[in-house]
Structures are given as structure tokens and as C-alpha cells.
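Peer 1: sequence below, structure please.
(chains A, B, C and D)
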There are 2 protein chains.
Amino acid sequence: MRIKLSKASDIGPLVRAVRKAQKMRQDDTAGAVGVSENFLSKIEHGADKAQWNKLFQVLQGLGIHVVLDLPEEARSYLPKGTEQS
Amino acid sequence: MRIKLSKASDIGPLVRAVRKAQKMRQDDTAGAVGVSENFLSKIEHGADKAQWNKLFQVLQGLGIHVVLDLPEEARSYLPKGTEQS
DNA sequence: ACATAATCCTGACGATCGTGAGGATTATGG
DNA sequence: CCATAATCCTCACGATCGTCAGGATTATGT
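Peer 2: Numbers count the residues shown, from 1 in each chain, chains lettered A, B, ... in the order given. Reported below is the predicted structural model:
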């Protein structure tokens, strides 16, 4: 299921949906993923100033893949060995 | 052109590739997007602790779309009105 | 090789983060 | 309706950010 973000804060509700689907509490997923419960709570509510690595950590922990859709013209400037998908 | 991120820092080189494809200097894109040249430089080199909103700001400015790929089970927990793609 | 452009690096500053702990508030189910 | 779970909120603290300014380093083109 692929969803395009239109605002930085759009990521929050998606995180929550996936956690709910996992039948987990903020408490455990936070622990399992390695962030504070406070942090996860703020994220789910759309806090958009979080640090990218922490946020990515949460996404990975929940099994959410991040895909970037970039203009075709950029292809030739990509570092070699860049994976598709 | 879709690329899946495997590390948080993977985003950097992609930003650079798109900027190059635009024939722009860090200087201008930074200005156009509303961040410092220093910030953009660090991002392109894989700085992963940047704030998500600033980073997203750069992606948007460059025309890079962010797509989240989440498990199908999460569908029913999504807030209504969630856009696909 | 040279001159200039473009990028990178460093340090300092104010602003903001993420965490932990504690208490309020809201859901859940018996 | 009540008890408990789950989530949220607030505060203070140390850590880190993003910006600016300046100088170094690396690319580019002639």
C-alpha cells in the first residue's frame, strides 16, 4: 500500500495506523524501536521537527518502507549502485 | 524513478543528483528552498540528523516525492481521506 | 598553469530537540 | 459505573540542531 506524503506531518497518522495493525502499545513499539514513548506519541500526532534518523528508525521498526520518487532527468547523476524500487 | 531508502543517509546523494540535474548550485537551491547552504551541503553528504520538516522542505523544493510503502493490514486503521499513490 | 567558481569545513551562537518522570486525561472492558 | 489500561501533557535537563561568517579546499574552464 503506497501513500504519497503531501505534508511532512502526514507521516504521523500512518505510523499510528501501522502500529495499531500490529496490535501494539506506544509503550512497546517505542521500546522495541529504540525511542521514547513521548517521542512516538508526538510523532503520531504529526510532530514534524523530529530528527530524520530517529523518525526513519521508527519507520523501519514498523516495516514501513520509504520510497523517493525523483524526476527522470536525475538518473544520470545518481551514484552508481543505486538500488531501484 | 523510484528508489527505496535502506539507510536514513541514502537520501543525501539523491538530493544532490536532482539538484545537479537542475543545473543549480547549492547556493541557489538552498536559497530557493529556504535553508542555508551549509545545511544543504551537509544533507547531500548524508547528514541524517536533520529535522524532518527542513529535509522535507528541500525534497519538495526539488520536486522529489516521498512515498511510504506500508503493510496492507494497516489499511483499515488509516484515517479516512488518506490519499493513495 | 592560472583565475575564478563552487563546495566544503570550522567555530560560535541561539534555538530546539529527545528523554525521563510525573501527573492528567481519555479508552476499554468487566 | 468502576477500575485499569493506554495515551497524552508538562516540565526540566543535557545534547544537538541550523544558521551565519569566514577561510580552506576542490572543480571548472580558458
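Peer 1: my read is that A:Thr82 contacts B:Gly12, right?
Peer 2: No - between A:Thr82 and B:Gly12 there is no contact under Cβ atoms under 8 Å: 11.8 Å. (Glycine included, C-beta is placed from N, CA and C.)
Peer 1: what comes up buried for the host helix or strand of A:Ser41?
Peer 2: Using DSSP states H and E, A:Ser41 sits in helix A:37-44. For helix A:37-44, the buried set under the neighbour-count rule, 16 or more other Cβ atoms under 10 Å in any protein chain shown, comprises A:Phe39, A:Leu40, A:Ile43, A:Glu44.
Peer 1: any idea how far A:Ile11 is from A:Ala50?
Peer 2: The spacing between A:Ala50 and A:Ile11, counted by Cβ to Cβ, to the nearest Å, is 9 Å.
Peer 1: more neighbours: which of A:Thr82 and B:Gly12?
Peer 2: B:Gly12 (22 against 13; other Cβ atoms under 10 Å in any protein chain shown).
Peer 1: settle this for me: the more buried one is touching B:Gly46, isn't it.
Peer 2: Yes - applying Cβ under 8 Å, one finds B:Gly12 in contact with B:Gly46, separated by 4.0 Å.
Peer 1: common neighbours of these two, please.
Peer 2: Between them, B:Gly12 and B:Gly46 share no contacting residue under Cβ atoms under 8 Å, 6 or more residues apart in numbering or on different chains.
Peer 1: could you pull out the helices in chain A for me?
Peer 2: A:11-21, A:26-33, A:37-44, A:52-62 (DSSP state H).
Peer 1: export the second one as PDB, just CAs?
Peer 2: Put plainly, it is helix A:26-33. Coordinates of the C-alpha atoms in helix A:26-33 are reproduced here as PDB (Å, rounded to 0.1, in the frame of the first residue of the first chain):
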ATOM      1  CA  GLN A  26       3.100   3.000  22.000                       C
ATOM      2  CA  ASP A  27       5.000   1.800  25.000                       C
ATOM      3  CA  ASP A  28       6.300  -1.400  23.500                       C
ATOM      4  CA  THR A  29       6.900  -0.300  19.900                       C
ATOM      5  CA  ALA A  30       8.800   2.700  21.300                       C
ATOM      6  CA  GLY A  31      10.900   0.400  23.300                       C
ATOM      7  CA  ALA A  32      11.300  -2.200  20.600                       C
ATOM      8  CA  VAL A  33      12.300   0.600  18.100                       C
END
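Peer 1: ok, back up a step: A:Ala50 and A:Ile11: which is more packed in?
Peer 2: Each of A:Ala50 and A:Ile11 has its neighbours counted (other Cβ under 10 Å); A:Ile11 has more, 26 against 21.
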